[in-house]
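Asker: Whatever this is, show me its structure:
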Amino acid sequence: MRRNATNTPAAVSVANDVLTITTYTEGGTHFTGFIDTAGKYEPTYGYIEARIRFDTAPGQWGAFWLQSPTMGSPIGNPAVAGTEVDIAEHRVHDSSGADISNTYVMPVHWDGYGASLKSASATGRPAVGASPLAGNWHVYAMLWTADQYVLYLDGVEQWRTSEAPSRRGEFIRLTCEVLNRGWAGSIPAGGYGTRAASTTRMSVDWIRVWQAQGS
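Answerer: Sure thing, here's the model as predicted:
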């Protein structure tokens with residue numbers, strides 16, 4: 001159980017070369033999924049991108065991010081401890097229920113998840129005339145160096161920051177989460193529909209990582 005949903009392998013599927021994480025409700029329980037490369041592939045630095053379609057719903061969000069297995073240890077040294085870097089987190093509602101479906105956020109968190117937690121963040125949005133974020137394919141990317149993070153949407157820079165650059169290997173995560181009456185609004189009455197009927201999902205066409213030789 002994580003927040004208001006249970007993570008299950010049944011929420012993750014691959015068809016026609018597209019990976020999908022579906023958020024659904026059965027028997028009064030909400031289900032969704034997390035997948036990552038922990039212990040298998042943990043790059044340090046590089047250009048990381050994914051082509052994703054967010055079909056997000058209130059009370060739920062999808063994310064493409066990097067996580068350090070030692071985040072917050074030691075406190076005060078994110079270069080060594082690593083960070084959480086969210087290349088993209090997509091919601092359709094904020095905590096007040098306002099429509100924010102054509103934006104996404106790119107937070108960096110460091111020094112653990114307790115009292116010492118520190119964060120920096122920015123908001124991204126598609127270019128004028130581009131297709132809306134919700135329900136459409138877009139490419140979310142980040143250039144990670146020893147000195148900064150530079151984040152992009154469809155090749156257009158959205159934000160760069162030198163706050164807390166990690167200098168250790170981090171694993172890649174694709175996740176969906178559910179939280180009622182939180183930063184993504186309220187879960188719909190009756191939930192998200194069964195696994196077969198739900199239209200709440202995060203679809204991933206591909207992920208690509210480029211690294212300098214020796215990194």
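Asker: Return stretch 57-70 as PDB; C-alpha atoms alone will do.
Answerer: Provided in PDB are the C-alpha atoms of stretch 57-70 (Å, rounded to 0.1, in the frame of the first residue of the first chain):
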ATOM      1  CA  ALA A  57      -7.400  11.600 -13.500                       C
ATOM      2  CA  PRO A  58      -8.300  13.600 -10.400                       C
ATOM      3  CA  GLY A  59      -6.600  12.200  -7.300                       C
ATOM      4  CA  GLN A  60      -4.000  10.400  -9.400                       C
ATOM      5  CA  TRP A  61      -0.700  11.400 -11.100                       C
ATOM      6  CA  GLY A  62       2.000   9.800 -13.200                       C
ATOM      7  CA  ALA A  63       5.700  10.400 -13.100                       C
ATOM      8  CA  PHE A  64       9.000   9.800 -14.800                       C
ATOM      9  CA  TRP A  65      11.900  10.300 -12.400                       C
ATOM     10  CA  LEU A  66      15.300   9.300 -11.000                       C
ATOM     11  CA  GLN A  67      15.900   8.100  -7.500                       C
ATOM     12  CA  SER A  68      19.000   7.500  -5.400                       C
ATOM     13  CA  PRO A  69      19.100   4.400  -3.300                       C
ATOM     14  CA  THR A  70      21.000   6.400  -0.600                       C
END
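Asker: Okay, and the residue positioned nearest the centre of the chain sits in which element?
Answerer: By C-alpha atoms, centre = their mean, the chain has its centre lying nearest to residue 63, at 1.8 Å. Following DSSP states H and E, one finds residue 63 within strand 60-67.
Asker: counting contacts, what elements does that strand pack onto?
Answerer: strand 46-55, strand 84-90, strand 137-144, strand 171-178, strand 201-210 (3 or more C-beta pairs under 8 Å, 6 or more residues apart in numbering; DSSP states H and E). In this view, the C-beta of every residue, glycine as well, is placed from N, C-alpha and C.
Asker: where's the fourth one relative to the chain centroid, distance-wise?
Answerer: In this view, strand 171-178 has its centroid 5 Å away from the chain centroid, taken as C-alpha atoms, centre = their mean, to the nearest Å.
Asker: hmm, back to that, give me the sheet partners of the strand holding residue 63 and which way each runs.
Answerer: Sheet pairing of strand 60-67 (DSSP bridges) gives strand 84-90 (antiparallel), strand 171-178 (antiparallel).
Asker: what's near enough to touch the closest residue to the residue nearest to the centre of the chain other than its chain neighbours?
Answerer: In space, and not counting its chain neighbours, residue 63 is closest to residue 89: 4.4 Å by C-beta to C-beta, 6 or more residues apart in numbering. Contacts for residue 89 were tallied using C-beta atoms under 8 Å, 6 or more residues apart in numbering; they are 61, 62, 63, 65, 104, 105, 106, 107.
Asker: No further questions, thank you.
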